[in-house]
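Student: got a structure for you, letters missing:
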Ligand code: ADP
């Protein structure tokens with residue numbers, strides 16, 4: 001026994017002597033044999049693990065080398081594209097062309113950010129990341145992010161809607177690029193996995209309890225009406241290089257890195273990222289991050305300043321939209337400006353006649369609520385004829401539904417995704433233009449009499 005315990009598992013006893021002793025010796029030899037076998041298996045496994053470890057280290061090194069080498073290779077031509085768009089924007093362009101170039105530039109920039117993401121992941125894993133703490137305009141951040149997807153939304157006929165709660169501060173301290181990185185990833189995913197209806201982004205102010213009281217948080221949600229995620233995959237998708245199911249890569253591409261980075265970043269911000277989803281119905285990803293407001297005097301956003309809203313007080317408006325979410329959004333904005341809103345879901349000729357007869361102060365119409373382009377044109381003509389101020393919503397790049405903004409004075413197009421400030425400006429300008437017409441007509445009439 002002493003010999004075996006010293007590691008000589010091949011030691012055996014001679015099986016001889018009285019039967020009881022012989023049996024003990026045989027059992028001892030069996031035990032020694034079993035120990036020998038187990039030990040050699042363990043040694044074998046250790047060898048395999050060591051080889052696997054070496055291979056993993058080599059692969060890790062190769063990955064880091066690849067990332068380090070490839071990133072500048074991709075970044076250089078991308079910077080060329082972005083630089084060129086910056087030059088292009090300085091040349092004489094129509095407002096529409098300018099908008100297109102701006103989108104090109106910001107999309108290019110987001111691609112560069114994406115490349116950086118890959119590098120980031122390595123950094124996040126090794127906890128070598130440093131966050132900025134600069135004043136961030138959350139509304140602009142959300143608007144810029146969403147603008148990047150405006151074309152894709154128009155192309156795939158998805159309503160891209162965002163709503164920022166009034167209480168959300170104008171400026172907070174944070175890392176603008178990192179927050180954008182999370183949002184780009186979530187909106188990108190929502191668009192990728194949605195083929196109908198809408199993607200809705202909301203930002204709300206909340207709070208959470210701390211030891212010393214409570215702290216303000218921003219809760220950002222990205223909700224889609226896409227393919228959804230099965231319950232058993234809900235946590236797995238946050239792992240690096242993991243997708244909900246194998247067919248995802250084939251159908252939608254992607255690396256499976258985005259959510260892993262986003263969750264790690266949210267944790268770095270001091271918050272969290274989670275998901276709710278139902279297969280076939282849609283998903284809602286939401287992150288909350290603690291925020292500290294930048295102390296600014298008079299930091300009320302222009303769209304929330306009463307004097308800017310005043311021209312719309314008591315105005316009657318017919319809202320023609322197909323989807324409930326867009327309707328709710330526009331209604332919320334309009335009602336907050338004390339507009340008297342009447343809603344219709346679907347264009348009909350009767351409705352057009354009714355609107356013409358009632359002559360509301362404003363009509364806001366979504367082409368999605370009109371089956372044919374012809375309807376929209378006729379409706380627009382009718383509104384012009386009756387001098388009813390109107391705003392036609394349009395998707396970027398949809399030239400067929402564009403109305404000549406210069407000719408009819410009381411009609412205007414507003415690009416989706418709808419910005420609260422742009423809507424306010426357009427509505428005020430339309431209503432005031434009409435009043436201008438009315439005033440000048442009254443003047444003319446009083447002069448004639
Ligand atoms: P990628 O999109 O590059 O594959 P992500 O980490 O961003 O990587 O997402 C991981 C996986 O989570 C996706 O491949 C997809 O299976 C699932 N997923 C993410 N967002 C959504 C969504 N909005 N709807 C359905 N599935 C989603």
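Tutor: Looks like it came in fine. Just so it is clear, the model here is predicted, and its values are computed rather than measured. Numbers count the residues shown, from 1 in each chain.

Student: in the protein, which spans are strands?
Tutor: If DSSP state E is used as the criterion, the strands of the chain fall at 134-137, 159-164, 171-174, 198-210, 213-224, 272-278, 282-290, 292-293, 316-320, 340-344, 362-365, 390-394, 411-415.

Student: Paired strands for the shortest one, with orientation please.
Tutor: Listed by DSSP bridges, the sheet partners of strand 292-293 and their directions read strand 171-174 (antiparallel).

Student: Residue of the stretch 301-449 of the chain nearest the ligand, please.
Tutor: residue 325 (16.1 Å; C-beta to the nearest ligand atom). Every residue, glycine included, has its C-beta placed from N, CA and C.

Student: Just give the nearest non-adjacent residue to that residue, would you?
Tutor: Counting by C-beta to C-beta, 6 or more residues apart in numbering, residue 325 lies nearest to residue 198, which is 5.0 Å off, once chain neighbours are set aside.

Student: Now for that neighbour, how many residues are close by?
Tutor: 20 (other C-beta atoms under 10 Å).

Student: Tell me how far it lies from residue 227.
Tutor: 14 Å (C-beta to C-beta, to the nearest Å).

Student: Check residue 365 too.
Tutor: Taking C-beta to C-beta, one finds residue 365 at 31 Å from residue 227.

Student: Neighbour count: these two, which is higher?
Tutor: Using other C-beta under 10 Å as the criterion, residue 365 and residue 227 rank with residue 365 on top: 23 against 20.

Student: any idea how far residue 213 is from residue 219?
Tutor: 19 Å.

Student: Those two: who's more crowded?
Tutor: residue 219 (18 against 7).

Student: Identify the residues contacting the more buried one.
Tutor: 203, 204, 205, 206, 286, 287, 288 (C-beta atoms under 8 Å, 6 or more residues apart in numbering).

Student: now do 7 Å
Tutor: 204, 206, 286, 288 (C-beta atoms under 7 Å, 6 or more residues apart in numbering).

Student: Filter those residues down to just the buried residues.
Tutor: 204, 286, 288 (16 or more other C-beta atoms under 10 Å).

Student: I'd assumed residue 269 was in contact with the last one.
Tutor: Meaning residue 288. No. Judged on C-beta atoms under 7 Å, residue 288 makes no contact with residue 269 at a distance of 9.0 Å.

Student: Name the residues contacting each of those two.
Tutor: By C-beta under 7 Å, 6+ apart, no residue touches both residue 288 and residue 269.

Student: Identify all residues paired with residue 205 through a beta bridge.
Tutor: residue 218.

Student: Quick one: neighbours of it, just the number.
Tutor: Residue 205 has 16 nearby residues by other C-beta under 10 Å.

Student: if I look at it, how far off is residue 293?
Tutor: 10 Å.

Student: I figured residue 164 was touching residue 139, is that so?
Tutor: Yes. Counting by C-beta under 7 Å, residue 139 is a contact partner of residue 164 at 5.5 Å.

Student: Model confidence score at residue 242, please.
Tutor: In this model, residue 242 is scored at 66, pLDDT.

Student: confidence score at residue 398?
Tutor: pLDDT, read off for residue 398, is 63.

Student: so what's the residue nearest the centre of the chain up against?
Tutor: The chain has residue 187 as the residue nearest its centroid, 2.2 Å off, counting by C-alpha atoms, centre = their mean. Going by C-beta under 7 Å, 6+ apart, residue 187 touches 145, 146, 149, 199, 201, 222.

Student: Quick check: the farthest pair among those?
Tutor: 145 and 199 (11.8 Å; C-beta to C-beta).

Student: Compare neighbour counts for the two and give me the winner.
Tutor: Looking at residue 145 and residue 199 with other C-beta under 10 Å, you find the greater number of neighbours at residue 199, namely 27 against 23.

Student: right, and the more buried one touches residue 224 too?
Tutor: Yes. Between residue 199 and residue 224 there is a contact under C-beta under 7 Å: 4.8 Å.

Student: Closest one of the contacts of residue 219 to the ligand?
Tutor: Nearest to the ligand among the contacts of residue 219, with distances taken as C-beta to the nearest ligand atom, is residue 286, at 11.7 Å.

Student: Perfect, that will be all.
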